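**Student:** Provide a 3D model corresponding to the input given below.
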Amino acid sequence: MTRAVVVGSGPNGLAAALVLADAGMSVEVVEATDTLGGGTRSAELTLPGLVHDVCAAIHPLAIATRFSQAFDLAEHGLSWVEPEVQYSHPLDAGRGAAAYRSVEETARQLGGRDGRTWARVFGSLTDRFDTIADEFLQPVLHVPRHPAHLGRFSLYAGQPASLLARRWRDDEARALLAGLAAHAFRPLGSLASSAIGVALGTAAHRYGWGAAVGGSAAISTAMVAAAKQRGVLFETGRTVTGLDELGPADVVMLDTAPGAAADIVGDRLPRHVARAYRRYRHGPGAFKVDFAVEGGVPWSHEPSRRAGTVHVGGTFEEVAAAEASVARGQMPERPFVLAAQQYVADPTRSVGDVHPFYTYAHVPAGYTGDATEAIVAQVERFAPGFRDRIRATAVCSTTEMSRKNANYVGGDIVSGANDPLQLVFRPRVTLHPYATGVDGVLLCSAATPPGAGAHGMSGYWAARAALRSVARG
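**Tutor:** All right, here's what the predicted structure looks like:
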């Protein structure tokens with residue numbers, strides 16, 4: 001029987017293991033930490049009983065993919081819930097904007113010309129998003145099956161977010177776009193900085209911004225159960241430093257950062273590939289703080305109290321200034337903060353009236369300072385009284401982030417800078433992004449297409465490439 005070894009048990013490593021095992025291979029997964037799941041783990045980080053997500057929290061692109069359709073994870077206990085308000089963006093004086101599952105309701109709340117513009121942009125994409133998502137959740141360089149749909153998406157996605165934002169007049173709609181675009185960890189004036197935001201914004205209307213019931217660990221738990229059902233073996237607490245440690249294997253899948261892959265493969269790696277992997281550009285960092293909050297966060301903008309995700313950063317201009325500072329390596333006084341309130345849709349995460357509140361601030365790569373107070377101040381700005389409701393905190397700096405998950409180099413939780421070149425060519429300039437240049441050894445982490453997210457599609461496509469390679473002999 002063909003033997004495969006997967007190094008790393010994040011969602012992509014697990015997806016690769018599932019695809020290979022389903023094809024009849026003997027598969028083993030080796031994980032450096034003591035727990036499986038990589039970015040899809042949950043833990044009681046603050047108070048007993050409160051379920052916090054360790055990294056990935058909200059999953060707009062994990063619900064309807066080729067991988068999720070190929071494997072019925074619901075059979076293994078995975079279920080999704082979504083909040084009434086998908087995401088929101090509070091502003092000063094109780095103002096703000098909110099996005100709902102319905103394009104029409106979102107447009108109605110924005111009102112007037114801005115509402116009509118929102119419906120025109122996102123309504124036209126939502127109806128086509130199944131085919132659009134299928135196109136961008138794979139390597140960029142491919143022959144599109146739906147070029148017209150992809151072209152319409154690219155019309156908006158290819159623009160700088162600062163240019164796309166000019167379609168809206170008021171702070172509310174412009175801020176809603178800023179929060180989406182900031183997910184890219186890039187200056188909002190840079191080319192194609194709208195891409196991730198447009199994709200996520202459309203996903204909110206088409207699929208919803210879902211959370212896994214019981215915590216993001218439910219995703220990896222279901223994947224592990226499905227893998228074990230197919231005979232996959234798991235070993236935890238073992239760090240792989242070289243291929244020879246894995247024994248004879250027909251296929252090796254590396255769910256690692258490119259630099260780590262270069263270390264593991266060593267001298268067998270072609271020099272041009274090793275050079276590309278070691279020069280791979282990582283993006284800014286995330287400084288994460290989890291809170292136990294009594295009574296929830298008292299947002300002045302009432303819809304934000306019902307939102308699963310809250311983008312905290314003020315106006316478009318304020319968010320843009322903060323992201324530009326981070327890109328220059330400077331810590332902004334008022335950073336962009338992504339906050340998640342999974343408990344509004346999944347009350348099993350709370351204990352009584354004490355709720356888990358998830359936040360991280362965008363900070364420079366490898367930031368060594370403490371951003372806790374900056375995060376608290378940003379939330380307090382739009383939710384006066386927040387400080388008084390905090391019952392416990394758990395802080396995870398960029399250093400701690402990369403220590404807990406070696407793929408998050410310098411606190412880079414999106415596994416690579418999202419500049420235009422790396423959006424198209426990741427992890428290196430090649431038509432075969434998963435190939436390492438060593439027969440049977442492939443890279444399958446989020447540093448490969450289509451990139452970050454707990455959708456498992458990088459592992460899915462890498463495993464498909466491995467199967468084709470084995471079939472060719």
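**Student:** how many residues are close by residue 470?
**Tutor:** Neighbours of residue 470 under the rule other C-beta atoms under 10 Å: 16. Any C-beta I mention is one placed from the backbone N, CA and C, and that applies to glycine too.
**Student:** next up, the contacts around it.
**Tutor:** For residue 470, the contact set (C-beta atoms under 8 Å, 6 or more residues apart in numbering) comprises 2, 250-251, 440.
**Student:** highest neighbour count among those?
**Tutor:** That'd be residue 251 among these, by other C-beta under 10 Å, with 23 neighbours.
**Student:** may I ask which helix or strand encompasses the spatially closest residue to that one that is not a sequence neighbour?
**Tutor:** The spatial neighbour of residue 251 that comes closest, neighbours along the chain excluded (C-beta to C-beta, 6 or more residues apart in numbering), is residue 4 at 4.0 Å. Element membership for residue 4 (DSSP states H and E) is strand 3-7.
**Student:** do residue 290 as well
**Tutor:** Per DSSP H and E: strand 285-294 holds residue 290.
**Student:** what packs against that strand?
**Tutor:** strand 354-363, helix 372-382, helix 386-389, strand 390-396, helix 398-404 (3 or more C-beta pairs under 8 Å, 6 or more residues apart in numbering; DSSP states H and E).
**Student:** list the buried ones in that strand?
**Tutor:** By neighbour count with 16 or more other C-beta atoms under 10 Å, strand 285-294 contains the buried residues 285-293.
**Student:** for stretch 276-285, same thing?
**Tutor:** Within stretch 276-285, the residues that count as buried by 16+ other C-beta under 10 Å are 276-277, 280, 282-285.
**Student:** stretch 108-120 too?
**Tutor:** Under the neighbour-count criterion of 16+ other C-beta under 10 Å, stretch 108-120 has 109-110, 114-115, 117-119 buried.
**Student:** can you map out the helices along the stretch 101-250 of the chain?
**Tutor:** Remark: helices assigned in the stretch 101-250 of the chain by DSSP state H, counting those that start in this stretch are 103-110, 112-126, 129-136, 147-157, 161-164, 171-181, 195-206, 217-229.
**Student:** any weak-confidence spans in this structure?
**Tutor:** In the predicted model of the chain, no residue satisfies pLDDT under 70.
**Student:** what's the end-to-end length of stretch 387-401?
**Tutor:** This stretch, stretch 387-401, spans 24 Å end to end (C-alpha to C-alpha, to the nearest Å).
**Student:** on that earlier part again, of the contacts of residue 470, which is the nearest to residue 70?
**Tutor:** Among the contacts of residue 470, residue 251 lies closest to residue 70 (C-beta to C-beta), at 18.4 Å.
**Student:** phi first, then psi, for the closest one.
**Tutor:** phi -140, psi 130 (degrees, to the nearest 10).
**Student:** contacting residues for it?
**Tutor:** For residue 251, the contacting residues are 2-5, 20, 25, 440-442, 466, 469-470, by C-beta under 8 Å, 6+ apart.
**Student:** go through the buried residues of stretch 276-285 and flag which are in helices.
**Tutor:** Among the buried residues of stretch 276-285, the members falling in helices (DSSP state H) are 276-277.
**Student:** export the buried residues of stretch 276-285 to a markdown table and tack on distance to residue 447?
**Tutor:** Below are the buried residues of stretch 276-285 laid out as a markdown table (distance: C-beta to C-beta, whole Å):
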| residue | distance to residue 447 |
| --- | --- |
| 276 | 11 |
| 277 | 9 |
| 280 | 7 |
| 282 | 9 |
| 283 | 11 |
| 284 | 16 |
| 285 | 16 |
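**Student:** out of the buried residues of stretch 276-285, flag the one nearest to residue 245.
**Tutor:** residue 277 (19.1 Å).
**Student:** the spatially most central residue of the chain and residue 61: what is the separation?
**Tutor:** The residue lying closest to the centre of the chain (C-alpha atoms, centre = their mean) is residue 453, at 3.3 Å. From residue 453 over to residue 61 the distance is 5 Å, taken as C-beta to C-beta, to the nearest Å.
**Student:** chain center to stretch 96-110: distance?
**Tutor:** Offset of stretch 96-110 from its chain centre (C-alpha atoms, centre = their mean, to the nearest Å): 23 Å.
**Student:** one more: stretch 319-327?
**Tutor:** With C-alpha atoms, centre = their mean, you get 20 Å for stretch 319-327.
**Student:** equivalent analysis for stretch 355-370, please.
**Tutor:** Stretch 355-370 sits 15 Å away from the centroid of its parent chain (C-alpha atoms, centre = their mean).
**Student:** cool, stretch 137-147 as well?
**Tutor:** 21 Å.
**Student:** pull it out as PDB, backbone CA atoms only.
**Tutor:** Written as PDB, here are the backbone C-alpha positions of stretch 137-147 (Å, rounded to 0.1, in the frame of the first residue of the first chain):
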ATOM      1  CA  LEU A 137     -10.500  28.900  -3.700                       C
ATOM      2  CA  GLN A 138      -7.800  27.300  -5.900                       C
ATOM      3  CA  PRO A 139      -4.600  28.300  -7.600                       C
ATOM      4  CA  VAL A 140      -5.000  31.700  -9.300                       C
ATOM      5  CA  LEU A 141      -3.300  30.500 -12.400                       C
ATOM      6  CA  HIS A 142      -5.900  28.100 -13.900                       C
ATOM      7  CA  VAL A 143      -8.400  28.100 -16.700                       C
ATOM      8  CA  PRO A 144     -11.600  29.500 -15.200                       C
ATOM      9  CA  ARG A 145     -14.800  27.500 -15.700                       C
ATOM     10  CA  HIS A 146     -16.900  30.700 -15.200                       C
ATOM     11  CA  PRO A 147     -14.900  33.600 -16.600                       C
END
